[in-house]
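sequence and predicted structure are below.
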2 protein chains.
Amino acid sequence: MLAELITIGDEILIGQIVDTNSAWMAQQLNAIGITVKQISSVSDNHEHILTALREARQRAGIILITGGLGPTKDDITKVALCDYFKCKLVFNQAQFNQVEAIFKSFGREVSPVNRKQAEVPELCECIVNLQGTAPAMWFDQEGITYVSMPGVPYEMKGIMEHDILPRLKERFRLPVIQHRTFLTQGVGESMLAGWIESWEDALPPNMKLAYLPNPGMVRLRISATGSDANELTNQIEEQARKLYELIGEHIYGEGEQTLPELILELLGKQQKTLSLAESCTGGNISHLITEIPGSSSAYLGGVVSYSNELKIKLLGVNRSTLETRGAVSEETALEMASGALKHLGSDYSIAITGIAGPDGGSEEKPVGTVWIAIAGPDFKLAKKFQFSKDRVRNITMASLSALNMLRKKLITS
Amino acid sequence: MLAELITIGDEILIGQIVDTNSAWMAQQLNAIGITVKQISSVSDNHEHILTALREARQRAGIILITGGLGPTKDDITKVALCDYFKCKLVFNQAQFNQVEAIFKSFGREVSPVNRKQAEVPELCECIVNLQGTAPAMWFDQEGITYVSMPGVPYEMKGIMEHDILPRLKERFRLPVIQHRTFLTQGVGESMLAGWIESWEDALPPNMKLAYLPNPGMVRLRISATGSDANELTNQIEEQARKLYELIGEHIYGEGEQTLPELILELLGKQQKTLSLAESCTGGNISHLITEIPGSSSAYLGGVVSYSNELKIKLLGVNRSTLETRGAVSEETALEMASGALKHLGSDYSIAITGIAGPDGGSEEKPVGTVWIAIAGPDFKLAKKFQFSKDRVRNITMASLSALNMLRKKLITS
C-alpha cells in the first residue's frame, strides 16, 4: 500500500520551521506496512493545494495532509478540500463541543472565527481532535483515502495514534510487520556492520536490518513482514539470540530507553545514589540525568570542576597529581571519582577529564583524549578513550561512554 | 523568481532521517529574493525522479536537487538526469582530481566504484565539491536552471554558499533583500506582538517582520526588499531605532549570537570569571557554556547541588535557611550565589533553585516556580520566575532567564 504526505504551510517553504511531522508519520506508516512514496510541502495557496492532491492521487492510495487548518485567513485547506471534492462546508456539533470545551478551560467564549473551526466539508467523516480546536477529516473518494489533520505536532501525533493508524489498519489489508530495536553504545556503524555481516546476509527474505546512527550510539532495528504475528515474534526472537551472541556486550538495551534512564532505573532498584565529577563534559551528563523526571531520588548532584583549583578544592584531587600526571590522566580521573564519593556522599560516582577541543591538544594528548573513571563501594577503575576532533561530538560521546561504563558495573553488582 | 527543492532518498521516506537540508536551503534562497514554491521528497526510483522534475518545471524557474549521488547502486540521480536531459555521462578530470585527493588523504587508492563519482552528464557544468567525492551539476535547459547536489548536509551547505548562491544571484536579476534579526529573551511572542503592533502595522510596504520563536526566546527578523542596498540599510536602521525604543530592554543581541556566547564575551572583555550553583537546571547552564570553545578562560566551574545536603556542604547554605524558608526561596538562592563566589572563587556567580516538575509542586510553590540569584563583587540580587508545567521547558527557560539576568548586570558594570 502506497501513501503520500502533503504538508501545507508557507512557514515550511520559507525555512522558518523544519518539517519534522513527515519523518514521524513516515516511521509510523512504515511500522504498519504502508510505504510512503512522496512527501510534498506546498504553500498556503488554493490552486497549489489542488495540484498537489491531483499529483498525489496518481501515485498513492492514501494521502495524508497536515496543516492549514488554523483559524486565520491564511489557513485555506478546508476550502481547497471542498473545491477538490465538490462539496460545501457544514457545521459539526461534536467538534464544536470540543472547541467550546477548550475555550471554557481558558475562561473564554468561542469567537465567531473559532466557531468556523467546527465546520468541515460535507463529504468527510469528522474526527474530533481532543487536543486542539481543528478537527481531522477523513474522505474515501473514488478508491482513495484522504485524511487532513492539523499541523501542530502533538495534535497530529495524538490523532494519528488514536484514530488514523488504527483506522488505516482496519480499512486496508496490510501485512503484519514487527520491529525490535537494539541499542548499542561505544562502537561505530562500520565496525558493527563488519561483525554482523554474515548474520545480516543470512537473514530470511522477510526480515530486514536497519542501522540508525546517533552521535555516540547506533540503534539496530530488525523488521519482519508476514501474515502471522506469533510466527514473526518467534522469528525475530531467534535472530535476536544470534545477534546477542555476536555483539551482546555492546547492546545496552532495547526499544526507546535512554542510557540515563537505564542508569536511574538500575540505581533505583539497588537503592543507591550517584554523584558526578565532570570536567570536559562540562555538566552535560548532569543535564542528561536531570532532564528525567524523578532523577533526584538517585542523583545527589555533581561538580563541574573546569579549573584545576576546583578539582583540588571541591573534589580533593592532589595538587601533586595534577602537576606530575596532568589534569587529563588516569590518576586525576581516579582521584576525582574517589573525591566525588567522599565529598558528595554518594554510593557511586563518575568522573571525566579530557580535551574536548578545538584547542588544548598536544602530541601526547591530542584533542579527543578523555579519561573516564567510575567508583563505588568497593571498586574504582578508569579507562582512556580517544574520540574525535569535534568539541560537541566529544562531549556527547564522552557522556554516553561514561554512563555505559557505570551501567556495565551496575548490572554485575 | 520561483524555485523548487527536490530531495532524493529512501531514508527520508521511511522516516529514518528528518530533511533539515530543505529548510536551510529555503532560508538561504529567501534571503537572496528567491521564493520556494514546493519541496518534494522522492524515492531512489528512476521514473519517480523524472516525474518530480517534470512536475517541478511546470511551477518554477529554478530546481535544486539534493541526494542520490553516492557511490552505491541505490544512488541513481545522475543516470536519471542523463535520461531527463537526453545526454550521456562523461568523465570529469577536475572532479576526479578531487576524488583522488580525498582518497589519498586516507592513504587509499580510488576504487572503480568511486571513479564513477567523477562522471557527470555531458550537458551540465560540473562544480567541484571541495568537501566530498560527489560533484554538483548545473544545467541551463529551456529557460530553467537545474542544480543537483550531494545530500550530505555540510557538503551541500559548502557548495550552496561558495558556488550556487553567488551564481544564482549573478544569473537572475533578483531584488536586493536585507535582513536584520533582533534577539529577545523573557517575553512571549503574543506579548511582544502587542507592544509593537502599531509599529509593525506602520512598516513600509517593502518591509516585513517575522516572529521566530524558540523555547525561552523570540527572534524578530525585519526584511526589506528593494533595488538599492544603501537605501535598504538606512530604512532598516530607522525602523530598528523605533523597535529599540519600544522593546529595547528585552533585546539582548542581534544576528546569530547566543546568550552563553554573549556572557563569555562580556566576561572576557572585563577579564572576570564565572561560577554556577545549579539546582533545578541540573547542569544545563554549565553545559550551554562549556559547549562553546574557549569557555574555560572565563568559566571556572559549577556545582549541581540537587540535594539539600550538597547545598550545605559545597555551597555553605545555612541548614536553618533550608529548614525555615525552603530550598526554593529567595534566601536559599542568594546564599547559593554567595556560596559559589566564596567556595568556587569566581568574580560573578549565578544560582538557580526551583521546581522543574512534574512532581514536587505545592499550592504555594507550584511546578515552574524558580528563584534565580546572581552575585558579583559588590552586589547580589534574586528574582522569582513562574514558568510552565513542562520539565524540559522549565529547565531551558530558567537557564536562559538566568543568563539574561547576569547579562543585564554585566552591561551596566
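That came through fine. Numbering: from 1, shown residues only, chains lettered A, B, ... in the order given.

residue contacts, the residue nearest to A:T369 when sequence neighbours are not counted?
Leaving aside its sequence neighbours, A:T369 sits nearest to A:I355 (CB to CB, 6 or more residues apart in numbering or on different chains; 5.2 Å). C-beta: built from backbone N, CA, C; applies to glycine. By CB atoms under 8 Å, 6 or more residues apart in numbering or on different chains, the contact list for A:I355 reads A:C280, A:V328, A:G361, A:K365, A:P366, A:V367, A:G368, A:T369, A:V370.

separation between the nearest residue to A:N318 once chain neighbours are set aside and A:S305?
Leaving out its chain neighbours, the residue that sits closest to A:N318 by CB to CB, 6+ apart is A:E335, at 6.3 Å. Distance of A:E335 to A:S305, computed by CB to CB, to the nearest Å: 11 Å.

picking up where we left off before, in JSON lines: the contacts of A:I355, plus neighbour count, pLDDT and distance to A:D390.
Shown next, in JSON lines, are the contacts of A:I355 (neighbours: other CB atoms under 10 Å in any protein chain shown; pLDDT from 0 to 100; distance: CB to CB, whole Å):
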{"residue": "A:C280", "neighbour count": "28", "pLDDT": "96", "distance to A:D390": "13"}
{"residue": "A:V328", "neighbour count": "22", "pLDDT": "97", "distance to A:D390": "17"}
{"residue": "A:G361", "neighbour count": "16", "pLDDT": "92", "distance to A:D390": "12"}
{"residue": "A:K365", "neighbour count": "19", "pLDDT": "95", "distance to A:D390": "17"}
{"residue": "A:P366", "neighbour count": "13", "pLDDT": "94", "distance to A:D390": "13"}
{"residue": "A:V367", "neighbour count": "20", "pLDDT": "94", "distance to A:D390": "9"}
{"residue": "A:G368", "neighbour count": "22", "pLDDT": "95", "distance to A:D390": "8"}
{"residue": "A:T369", "neighbour count": "23", "pLDDT": "97", "distance to A:D390": "14"}
{"residue": "A:V370", "neighbour count": "26", "pLDDT": "98", "distance to A:D390": "13"}
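
host element of A:V120?
Under the criterion of DSSP states H and E, A:V120 resides in strand A:119-121.

and stretch A:11-19, anywhere near chain B?
Yes: Stretch A:11-19 reaches chain B (CB under 8 Å from any CB of the partner chain) through A:I12, A:L13, A:I14, A:G15, A:Q16, A:I17, A:V18, A:D19.

now render those as CSV, adding distance to A:R241.
Listed next are those as CSV, based on distance: CB to CB, whole Å:
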residue, distance to A:R241
A:I12, 44
A:L13, 48
A:I14, 51
A:G15, 47
A:Q16, 48
A:I17, 43
A:V18, 39
A:D19, 39
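
in three-state terms, label the residue sitting furthest away from the middle of chain A for me.
Residue farthest from the centre of chain A, counting by CA atoms, centre = their mean, is A:S320 at 44.4 Å. Look at A:S320: counting by DSSP: H, G, I helix; E, B strand; the rest coil, its state is helix.

where does chain A have low pLDDT?
For chain A, the stretches flagged by pLDDT under 70 are A:73-74.

for the lengthiest helix in it, packing partners?
When chain A is parsed with DSSP state H, its longest helix is helix A:391-412. With contacts taken as 3 or more CB pairs under 8 Å, 6 or more residues apart in numbering or on different chains; DSSP states H and E, helix A:391-412 sits against strand A:176-185, helix A:259-270, helix A:284-290, strand A:348-354, strand A:369-376, strand A:379-386.

can you tell me what sits against the longest one?
Think helix A:259-270. By CB under 8 Å, 6+ apart, the residues outside helix A:259-270 that reach it are A:185, A:217, A:252-253, A:273-274, A:285, A:288-289, A:291-292, A:294-295, A:297-299, A:348, A:400, A:403-404, A:406-407, A:410-411, A:413.

kindly report the same for the third one.
Residues outside helix A:284-290 that contact it (CB under 8 Å, 6+ apart): A:258-260, A:263-264, A:274, A:276, A:278, A:295-296, A:299, A:301-302, A:304, A:350, A:352, A:395-396, A:399, A:402-403, B:281-284, B:286-287, B:290, B:304, B:306, B:356, B:395.

what about 7 Å?
Here helix A:284-290 makes contact (CB atoms under 7 Å, 6 or more residues apart in numbering or on different chains) with A:260, A:264, A:276, A:278, A:295, A:299, A:302, A:350, A:395, A:399, A:402-403, B:282-284, B:287, B:304, B:306.

is it true that A:M336 touches A:E278?
No: contact criterion CB atoms under 7 Å: A:M336 and A:E278 do not qualify, at 8.9 Å.

so what's A:F385 closest to, chain neighbours aside?
Of all residues not flanking A:F385 in the chain, A:V370 sits nearest, at 4.7 Å (CB to CB, 6+ apart).

how close does A:R171 get to chain B?
21 Å (CB to the nearest CB, to the nearest Å).

roughly how far does that residue sit from A:G294?
Distance, A:R171 to A:G294, using CB to CB: 40 Å.

check A:K408 too.
For A:K408, the distance to A:G294 equals 23 Å [CB to CB].

this completes my enquiry, with thanks.
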